[in-house]
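Below is the structure, and that's it, no one-letter string:
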C-alpha cells in the first residue's frame, strides 16, 4: 500500500536558485509528521509540489501513490491549509467555502458544518477582509476539512492563532490522527511540533537532513544519562572506576554513557538508584545542531 | 458542470458584478438621456433611430471583457488560484469552466443591459410623446448581437487574463488596444478583422453603412479569437508555478 505522501528525488529550481534538491521521504499513515526547516529551506515549495501547485524540475511528489493532479477526487483525499491571505477580501467566509464545495461536488451544507467545527459560525457571513489573521487560519482549516479527507497537509497553520486557537488546533490534529488520519505539518514554531509530532522531517538548504521519530531524534542527539542515588559518593567512585565521566548535578550525576551501562555499573556494586534516564535534547537543540546557525534572513 | 457552477457562484458572491452593472446603468442613463432630450422629435421617430438610441447597451460587451479578465487574472491578484487548483487540479478544466461561466455571465449582462436600455428609452420617448418602435427587427438584432458579443468578450477576457495573470495590466492593455492599437489596423484596411471590430459586427449586424464583417463571419472570427486566447491562456496556466 502506498504511503499517504511520498517524495522521491524531488528537485525544484527557479532559474539559478535551487529551492529543493533531491528530497526523498515518505510520510507514514495515521501519524503526525512535522516538517521543519529554517526560512528558505524549501518547505513551502515542497508542500506546493506535493499539492500539484508547483511543477518539480526532477523527481516526483506522490499522494496515495500518484501525483496530486491525477487524484480522482482530491478534496476527499487531501485537505490542505495554505497561506491565510489567499481569499477574495469581499467574499464571506461561508461563500468562500460554498464555492469550494460546489467545485468539489460536495453539498454546500457542508460549509456550515465545517465552519461550526472550527468555531467560526458567527462571523461566517461577514466579508473575509474583516477577519483577523487567526480567523482566516481557521477558515483555511475549515476549507481543508470540507471533503472529510484522511490526510491533512498544513503549511504554518498556527500562524496568527492566539494561544487558545493553537491549543484548539493541537487538540484537533491529535484527535484527527488518533482517528486514523495522517497529518503533515510544516511549522517554524518548534515547541508546537515538539508537542504534536510523532515524526519529524527536517530540511536545510534545500536538502533532507533528518527524518525519524521525534523521540529517537531527540534521544539519539543527547546520549548522556541522568542518574540519582542516595549513595551518590560511592556511585561516583564506581562510575569513575568504570571509566565513565560523570559530573555532579543536583542530587546526582550526568554520566556520559547510555543508561544501560550506568545501570549495570550501579547494579554490580549493589547501589540503590532513585533515577536513571537517558537525557533528551530538546527539539530546538537538535534542530539548531542539524541546521547550524545560518537560518536567518532567507525568505521562502 | 460543477466547476462552471462554482465559477458562477464566485461571480455572484462578490460585488464585482454589481459595480460593473452600475457602471453600465450609469452610461446608459447618460447617453439615452442626452439622446432623448437633445435629438429632435423627427430624428427619434423611426425604428432605426430608436435602435441607435439604445445601442449604448452594447457597452456591456466591453464591461464583460473586464469581467472576464478580473475573473481569471483576479484569482492571481487575490491568491485564490491556489485553492481553486487544489479542488480542481486539472487546470485546463478550470479554464474551460471559467470560459463557460464568463460567457454565461457576459450574455446575462448583455441582456440585462438591453432590458434596462429599452425600458429607460421607452420611458423617456413616451414622455416626449414619441411613438415607440423598440420591438423592430433592427432593435431585436441588437439585443441578440449584444448578448452574443458580451458572451464572446467575457470568454475572451478569461483567456487573456489567464495569459497575463495580472489584472490591472490586462485591463489596461485591452483598453489601449481598443482605443489605439485597433484603429491603426485601419491604415492597412484590415481593421474589420481586429477583435473590437469583430465584436462590433455582432451587434451592428445589418446596420446601414457598416463596414464590418457580416454577422455569420463575425461569429466565426470571434470564436477563433476566443479559442486562441483560451489556448494561450491554458498554456500559460499549465506551466505556471503557484508559489
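Now that the structure is in, tell me what you want to look at. Note that the coordinates shown come from a computational prediction; the quantities given were computed from them, not determined experimentally. Residues are numbered from 1 along each chain as shown, chains lettered A, B, ... in the order given.

Identify the residues contacting the residue positioned nearest the centre of chain A.
Nearest residue to the geometric centre of chain A (CA atoms, centre = their mean): residue A:34, 1.6 Å. By CB atoms under 8 Å, 6 or more residues apart in numbering or on different chains, the contact list for residue A:34 reads A:185-187, A:193, A:196-197, A:199-201, A:214. Backbone N, C-alpha and C define where each C-beta goes, glycine included.

ok, these vs chain B, which is closest?
Proximity of the contacts of residue A:34 to chain B (CB to the nearest CB) peaks at residue A:186, which lies at 14.8 Å.

Helix or strand: which one has the nearest residue to that closest one once chain neighbours are set aside?
Distance criterion CB to CB, 6 or more residues apart in numbering or on different chains; nearest residue to residue A:186, sequence neighbours excluded, is residue A:35 at 4.0 Å. Per DSSP states H and E: residue A:35 is located in strand A:32-36.

partners of that strand in the sheet?
Strand A:32-36 pairs in its sheet with strand A:182-186 (parallel), strand A:199-204 (parallel), by DSSP bridges.

surely residue A:140 meets residue A:157?
Yes: with contacts counted by CB atoms under 8 Å, residue A:140 reaches residue A:157, the gap being 7.1 Å.

Which secondary structure elements does the longest helix along chain B sit against?
The helix that spans the most residues within chain B, counting by DSSP state H, is helix B:91-127. Judged by 3 or more CB pairs under 8 Å, 6 or more residues apart in numbering or on different chains; DSSP states H and E, the packing partners of helix B:91-127 are helix B:2-12, helix B:16-38, helix B:47-54, helix B:59-78, helix B:81-87, helix B:137-164, helix B:215-239.

Indicate which one of these is closest to chain A.
Of all the helices and strands packed on helix B:91-127, it is helix B:2-12 that lies closest to chain A, at 3.6 Å by CB to the nearest CB.

What is the end-to-end distance of stretch A:10-18?
From its first residue to its last, stretch A:10-18 covers 11 Å (CA to CA, to the nearest Å).

Name the residues of it that are buried.
A:10-12, A:18 (16 or more other CB atoms under 10 Å in any protein chain shown).

quick one: which of those residues is nearest to chain B?
Among the buried residues of stretch A:10-18, residue A:12 lies closest to chain B (CB to the nearest CB), at 8.4 Å.

Give me the pLDDT value at residue A:231.
Confidence at residue A:231, expressed as pLDDT, is 88.

which non-adjacent residue is nearest it?
What sits nearest to residue A:231 in space, not counting adjacent residues and going by CB to CB, 6+ apart, is residue A:271, at 5.2 Å.

Next, the angle from the longest helix seen in chain A to strand A:182-186.
Scanning chain A for the longest helix, with DSSP H as the assignment, gives helix A:163-178. Using axes from the mean of the first three to the mean of the last three CA atoms, to 10 degrees, one finds that helix A:163-178 and strand A:182-186 are set 140 degrees apart in direction.

Can you list the helices and strands that helix A:163-178 packs against?
Checking 3+ CB pairs under 8 Å, 6+ apart, helix A:163-178 ends up next to strand A:32-36, helix A:133-145, strand A:151-155, strand A:182-186, helix A:190-196.

contact partners of the third one?
Strand A:151-155 is contacted from outside by A:4-5, A:43-44, A:47, A:50-51, A:63-64, A:77-83, A:141, A:144, A:173, A:176, A:181-186, using CB under 8 Å, 6+ apart.

Direction-wise, compare it with strand A:182-186 and give the angle.
Counting by the same axes, to 10 degrees, strand A:151-155 lies at 10 degrees to strand A:182-186.

Report the distance from strand A:151-155 to the chain centre.
Its chain's C-alpha centre and that of strand A:151-155 lie 10 Å apart, by CA atoms, centre = their mean, to the nearest Å.

what do you get for stretch B:53-63?
8 Å.

Would you work out how far apart the start and end of that stretch are?
Criterion CA to CA; first-to-last residue distance in stretch B:53-63 is 19 Å.

quick one: average confidence on that stretch?
Stretch B:53-63 shows an average pLDDT of 94 in the prediction.

Then stretch B:225-232?
Stretch B:225-232 comes out at a mean pLDDT of 96.

which residues are in contact with it?
Contacts for stretch B:225-232 (CB under 8 Å, 6+ apart): B:95-96, B:99, B:152, B:155-156, B:158-160, B:163, B:195, B:198.

Return the set of buried residues in that stretch.
B:225-226, B:229-230.

same deal with stretch A:252-268?
A:252-253, A:255-257, A:259, A:262-263, A:265-266.

Assign residue A:210 to helix, strand or coil.
strand (DSSP: H, G, I helix; E, B strand; the rest coil).

need the strands for chain A, in chain order.
A:5-14, A:17-27, A:32-36, A:58-63, A:78-81, A:151-155, A:182-186, A:199-204, A:207-213, A:225-228, A:246-249, A:252-255, A:275-278 (DSSP state E).

Pipe the ones you listed into CSV and attach mean pLDDT per row.
Below are the strands of chain A laid out as CSV (pLDDT from 0 to 100):
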stretch, mean pLDDT
strand A:5-14, 94
strand A:17-27, 94
strand A:32-36, 94
strand A:58-63, 94
strand A:78-81, 94
strand A:151-155, 94
strand A:182-186, 95
strand A:199-204, 92
strand A:207-213, 89
strand A:225-228, 88
strand A:246-249, 84
strand A:252-255, 86
strand A:275-278, 86
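
Looking at these, which is nearest to residue B:241?
Set against residue B:241 and scored by CB to CB, these come closest in strand A:5-14, at 7.7 Å.

can you give me the angle that closest one makes with strand A:58-63?
Going by the same axes, to 10 degrees, strand A:5-14 makes 140 degrees with strand A:58-63.

Sheet-wise, list the partners of strand A:5-14 with their directions.
Paired neighbours of strand A:5-14 in the sheet (DSSP bridges): strand A:17-27 (antiparallel), strand A:58-63 (antiparallel).

Quick one: residues in contact with stretch B:155-172.
B:64-74, B:76-77, B:95, B:98-100, B:102-103, B:106, B:173-174, B:195, B:222, B:225-226, B:228-234, B:236-237, B:240.

what about that stretch, how long is it end to end?
18 Å.

likewise stretch A:82-92?
18 Å.

need the helices and strands packed on helix A:163-178 in JSON lines with distance to residue A:58, can you?
Formatted as JSON lines, these follow (distance: least, CB to CB, whole Å):
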{"stretch": "strand A:32-36", "distance to residue A:58": "20"}
{"stretch": "helix A:133-145", "distance to residue A:58": "29"}
{"stretch": "strand A:151-155", "distance to residue A:58": "21"}
{"stretch": "strand A:182-186", "distance to residue A:58": "21"}
{"stretch": "helix A:190-196", "distance to residue A:58": "28"}
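
For residue A:156, grab phi and psi.
Note on residue A:156: backbone dihedrals following degrees, to the nearest 10 are phi 50, psi 60.

Report the contact partners of it.
Contacts for residue A:156 (CB under 8 Å, 6+ apart) come out as A:186-188.
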